[in-house]
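[1] Whatever this is, show me its structure:
(one chain, ligands or ions: 1)
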Amino acid sequence: MTEAPNLLQLGGMTDLMQSRLSEAFTVVRLADQPDRAAFLAERGAEFTAAVTDGHAGLPADVMEAMPNLKLVSSFGVGYDAIDADAAAARGIIVTHTPDVLNDEVADTAILLWMAASRRLVAADRWARSGAWERKGAFPLTRSVQKRVVGIVGFGRIGQTIARRATAFDPTILYHARSDKGVEWEFCPDLTDMARRSDVLMVITPGGAGTRHLVSEEVIRALGPDGILVNVARGSVVDEAALVRALEDGGLGGAGLDVFEAEPKIPDALKAMDQVVLAPHVGSASVETRAAMANLTCDNLFRFFEDGSVLTPVPECRHLT
Ligand code: 8YV
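    Next up is the predicted model:
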């Protein structure tokens, strides 16, 4: 690289990304621009690359205002906040960070399942508040052993969850668009799978195609003893229906890492003892975020070196 190309930054950046990228690029933060529309109109053409994350994505007006955009490197595996088909149609390559977070997100799913089943957070409150001394033993909880585990979405992370779950002697079912030809049972009908499951683990990509896939019918099929775990996107679950089912006992409990209007969480959920909440931290360990940050940077570096990238999203593979 002879001179530092401009890089438009949408969303946050880790310190590691900041230091690696600022050595090679002139990084301009969109969030720092007082008049975003005026900035894009005036300077949009100066950028051939953008760096973003799963939350900020790439809004349509930003993509349109960048006629010379060639690469969008996103920090995260989910890219539902980027219109990858529109990008591909313009010859823009979108990259993401698959694989490096499979284990972490799968761990988070298992953690939320165990915490919801064994009511860990409510038990912690019981211990801290002195309720143990005042009221005696904490109520019995439900075991995670020998359960029917239904996994919604059976890509890389879904299959990692299945392998992790085998430690608890479960029956594993999965729902996906197609039969993966694996050792576990494929369930083409999600409501039917929910009816058979003790826990439903949601790990399918977000976006219009999966919006409210976990509907009121699916939630109620899971039933009064069932537990819903969502480490995918809030949009995949009908959150209002989830709140209703938890309130009236139609669903037993939930472990939720993602929500429909992040960072807002419905107050009703916050008040429930049978729910364990996390602020979208599925991949948020020091080690995994470093691996994601490096892959996000490596995609950019590679592109500016020889025009190729390491991990394009499927819609853009033909461009590389
Ligand atoms: C991150 C995620 O929170 O990878 C994803 O799709 O949801 C998370 O790992 C996010 O992308 C970081 O902004």
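
[2] Pull out the buried positions in stretch 257-264.
    257-260 (16 or more other C-beta atoms under 10 Å). In this view, the C-beta of every residue, glycine as well, is placed from N, C-alpha and C.

[3] what's in contact with it?
    Identification of contacts with stretch 257-264 by C-beta atoms under 8 Å, 6 or more residues apart in numbering yields 55, 108, 112, 230-235, 237, 239, 265-266, 278-282.

[4] same check, this time on stretch 133-145
    For stretch 133-145, the external contacting residues (C-beta under 8 Å, 6+ apart) are 113-114, 117-119, 122-123, 126-127, 131-132, 168-169, 199, 225, 252.

[5] With just CA atoms, put that stretch into CSV.
    Listed next in CSV are the C-alpha coordinates belonging to stretch 133-145 (Å, rounded to 0.1, in the frame of the first residue of the first chain):
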residue,chain,number,x,y,z
GLU,A,133,-32.1,-17.8,55.8
ARG,A,134,-35.6,-16.3,55.8
LYS,A,135,-37.5,-18.7,53.6
GLY,A,136,-35.4,-21.9,53.5
ALA,A,137,-34.3,-24.0,50.6
PHE,A,138,-34.7,-22.7,47.0
PRO,A,139,-37.4,-24.5,45.1
LEU,A,140,-36.5,-27.5,43.0
THR,A,141,-35.6,-26.9,39.3
ARG,A,142,-35.7,-29.0,36.2
SER,A,143,-32.7,-31.1,35.1
VAL,A,144,-31.0,-30.6,31.7
GLN,A,145,-30.2,-34.3,31.5
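
[6] Mind listing what's buried along that stretch?
    138, 142, 144.

[7] picking that back up, list only those of the contacts of stretch 133-145 flagged as buried.
    Among the contacts of stretch 133-145, the ones that count as buried by 16+ other C-beta under 10 Å are 113-114, 117-119, 122-123, 126, 199, 252.

[8] Now the two most distant members of those residues.
    Largest separation among these by C-beta to C-beta: Trp126 and Val199, giving 22.8 Å.

[9] Skipping adjacent residues, who's closest to Glu46 in space?
    Nearest non-adjacent residue to Glu46, counting by C-beta to C-beta, 6 or more residues apart in numbering: Asn6, 5.1 Å away.

[10] And the one you found, its phi and psi?
    phi -80, psi 140 (degrees, to the nearest 10).

[11] so what's it up against?
    Contacts here follow C-beta under 8 Å, 6+ apart; on that basis Asn6 touches 25-26, 28, 46-49.

[12] Which residues of the stretch 201-320 of the chain lie near the ligand?
    With C-beta under 6 Å from any ligand atom as the criterion, the stretch 201-320 of the chain comes near the ligand at residues 280, 282-283.

[13] Return the subset of the contacts of stretch 133-145 lying in helices.
    113-114, 117, 122-123, 126-127, 131-132 (DSSP state H).

[14] domain parsing for this structure?
    6-100+287-319, 102-277 (automatic domain parsing).

[15] In CSV: the ones you listed, plus mean pLDDT.
    Supplementary listing: these in CSV, determined by pLDDT from 0 to 100:
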stretch, mean pLDDT
domain 6-100+287-319, 97
domain 102-277, 98
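
[16] hmm, back to that, among the contacts of stretch 257-264, name the buried ones.
    So, by 16+ other C-beta under 10 Å, the buried ones in the contacts of stretch 257-264 are 108, 112, 230-235, 237, 239, 265, 278, 280, 282.

[17] Quick check: closest non-adjacent residue to Arg20.
    Cys297 (4.5 Å).

[18] Where does that neighbour sit: helix, strand or coil?
    Under DSSP: H, G, I helix; E, B strand; the rest coil, Cys297 falls in the helix class.
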